[in-house]
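Student: below: sequence and its predicted model.
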Amino acid sequence: MATGTRSIRFSSTGRWVLLALVATMVLLMVPTAGSSQTTAGPTLRMDVTTSQVTFVHTPASGTPTTQVGTPTRCELSVDGPLVALSGNRRGPGLSDNGLGIKSGGSQGTPCGRIDATEVLTLGLVGVPAASSAALDLELKGSARVLVEARSNGVLVQAFDVRAGGSVVAGQGVDGTTTQPFSLELTSTQPVGNCRNDSDAGPDSGPRDNCRVTIVPASPFDELTLTPVAGEVSLEGGNDFGTDPAYDTVFHLVTYDGLLGCDDGTDTASESDGAIVGTIIRYQNTVASDCVLKPYTMLVTSNDPVEGGLDSVVFEVDDPVVPAQAAIYEAFLTLDQPLNTPLDAVLEYDSDRTDGYTNFKQMPRCVQDPFTLDDEPTGSLNDEAIPAGHEGCVIDVTQSWEGLTTWHVVFAGDWKFRG
């Protein structure tokens, strides 16, 4: 191989680090794991009729899976394999194309609506977490609905959906002004107004519906609907007839696995021939409960996209905001000339906004990362990383075959690219 530059890039929300190794590799650019997928990718689709609720999981590849729930005296029992529904009072119900709480609401409609004393929870059970969702909501009585997305029980994002008299002038982003009404809310614009401020009484067909798309800052596996005022039903398109374009749809993330914090035994590893990437996660650097982190990893030897050079990609998509203070040990084995470690320089840039033009050298560890006296049980010693840095090199080894392995420890929730 010709001598050039190999790069390793770390990234977390709003922060990137670039490490340059004097060797022969360029970056392989791939989509961020868990980035918003609003038009393509794996989905979980919910269709609701007067007699049943149907969930269809369409994976990125393979055969779709279907789950059907039918009511008994309008009460639903839905508990996997794809979705679990629950309510805070007598449980979820189905009535007139809508999901709600069995006890009914102030308008006297049992099962199919949620009022201000009730909460409906939808949990993703047998599918990956969702990066976004398009919700078919029926809003009644100057409704104001709190839509909360959670991951492993931890709040990811709260959205505030308003209609009719609950709309406050000058607050929130406005949805479309003509039927069918729609609204998109994001982590930077979590408050929104549906239906052009108009109210709607019962049984107005699609005129009282609003398709609310939510895009949280990170993936979620649970959704709750809590009216603050008025009432809401979670529907699946059938106020619009049989057109599946109006179903409730969850857009799912794609990832290779989940990394926990099991005392350094949770490992992500991929290989392509002799080229290997391995990441080991340890307990958090602070005494906090571990949250599973979805990751994507791709290792390619002689990558034709990169002119025949090797490539290794490791990306973590944090399910909670702010990100947990995770710490990792990394091994990266690359096909490099035998004398490369003698001359290698490790650099990084933590600011993506400047186009990675202000590099600083990544230092060697100043302490043993495996000295755990002052650390939470099962964590690495993050004091091994010098002040002002996010990672450090433990050692560099090489085989007679010309394979070089970089051994690194780093703190934070990074995307790692090589």
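Tutor: Everything's here; your move. Residues are numbered from 1 along each chain as shown.
Student: can you give me the strands in the stretch 51-200 of the chain?
Tutor: For the stretch 51-200 of the chain, the strands defined by DSSP state E, counting those that start in this stretch occupy 53-58, 65-69, 83-87, 92-95, 98-101, 120-124, 130-151, 154-162, 173-174, 181-186, 191-193.
Student: which of those strands sits closest to Ser77?
Tutor: With Cβ to Cβ, the closest approach to Ser77 among the strands of the stretch 51-200 of the chain belongs to strand 65-69: 6.9 Å. C-betas here are computed from N, CA, C, even on glycine.
Student: other SSEs contacting the closest one?
Tutor: Contact analysis of strand 65-69 by 3 or more Cβ pairs under 8 Å, 6 or more residues apart in numbering; DSSP states H and E lists strand 53-58 as its packing neighbours.
Student: list the residues that contact the closest residue to Thr65 other than its chain neighbours.
Tutor: Nearest-residue entry for Thr65: His57, 4.6 Å, with adjacent residues in sequence omitted and distances by Cβ to Cβ, 6 or more residues apart in numbering. Going by Cβ atoms under 8 Å, 6 or more residues apart in numbering, His57 touches 42-44, 64-67, 82, 126-127.
Student: what sits against the spatially closest residue to Thr49 that is not a sequence neighbour?
Tutor: What sits nearest to Thr49 in space, not counting adjacent residues and going by Cβ to Cβ, 6+ apart, is Asn238, at 5.3 Å. Contact partners of Asn238, counting by Cβ under 8 Å, 6+ apart, are 47-50, 97.
Student: got phi/psi on Asn238?
Tutor: With angles defined as degrees, to the nearest 10, Asn238 sits at phi -80, psi 0.
Student: after the helix or strand of the chain with the lowest mean pLDDT, which helix or strand is next?
Tutor: Comparing helices and strands within the chain by mean pLDDT, DSSP states H and E singles out strand 15-23 as the least confident, with a mean of 29. Beyond strand 15-23 in the direction of the C-terminus, DSSP states H and E gives the next helix or strand as strand 43-48.
Student: can you dump the C-alpha atoms of that following strand in PDB for me?
Tutor: The C-alpha coordinates for strand 43-48 follow below in PDB (Å, rounded to 0.1, in the frame of the first residue of the first chain):
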ATOM      1  CA  THR A  43     -41.200   0.700  10.000                       C
ATOM      2  CA  LEU A  44     -43.900  -0.300  12.400                       C
ATOM      3  CA  ARG A  45     -47.300   0.600  11.000                       C
ATOM      4  CA  MET A  46     -50.500   0.800  13.000                       C
ATOM      5  CA  ASP A  47     -53.900   0.500  11.300                       C
ATOM      6  CA  VAL A  48     -57.000   1.000  13.500                       C
END
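Student: from His251, how far out is the residue nearest to Thr65?
Tutor: The gap separating His57 from His251 is 12 Å, by Cβ to Cβ, to the nearest Å.
Student: format the strands of the stretch 51-200 of the chain as JSON lines; extra columns: mean pLDDT.
Tutor: As requested, the strands of the stretch 51-200 of the chain are exported to JSON lines (pLDDT from 0 to 100):
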{"stretch": "strand 53-58", "mean pLDDT": "94"}
{"stretch": "strand 65-69", "mean pLDDT": "94"}
{"stretch": "strand 83-87", "mean pLDDT": "93"}
{"stretch": "strand 92-95", "mean pLDDT": "91"}
{"stretch": "strand 98-101", "mean pLDDT": "91"}
{"stretch": "strand 120-124", "mean pLDDT": "95"}
{"stretch": "strand 130-151", "mean pLDDT": "92"}
{"stretch": "strand 154-162", "mean pLDDT": "93"}
{"stretch": "strand 173-174", "mean pLDDT": "94"}
{"stretch": "strand 181-186", "mean pLDDT": "92"}
{"stretch": "strand 191-193", "mean pLDDT": "95"}
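Student: out of those strands, which comes closest to Val276?
Tutor: Going through the strands of the stretch 51-200 of the chain one by one, with Cβ to Cβ as the measure, strand 130-151 comes closest at 29.1 Å.
Student: buried sites along the closest one?
Tutor: Taking 16 or more other Cβ atoms under 10 Å as the basis for neighbour counts, the residues of strand 130-151 that come out buried are 130-145, 147-151.
Student: what packs against that strand?
Tutor: In terms of contacts (3+ Cβ pairs under 8 Å, 6+ apart), strand 130-151 is packed against strand 154-162, strand 209-215, strand 222-235, strand 248-252.
Student: just give me how far the longest one sits from the chain centre.
Tutor: Mean C-alpha position of strand 222-235 versus that of the full chain (Cα atoms, centre = their mean, to the nearest Å) differs by 22 Å.
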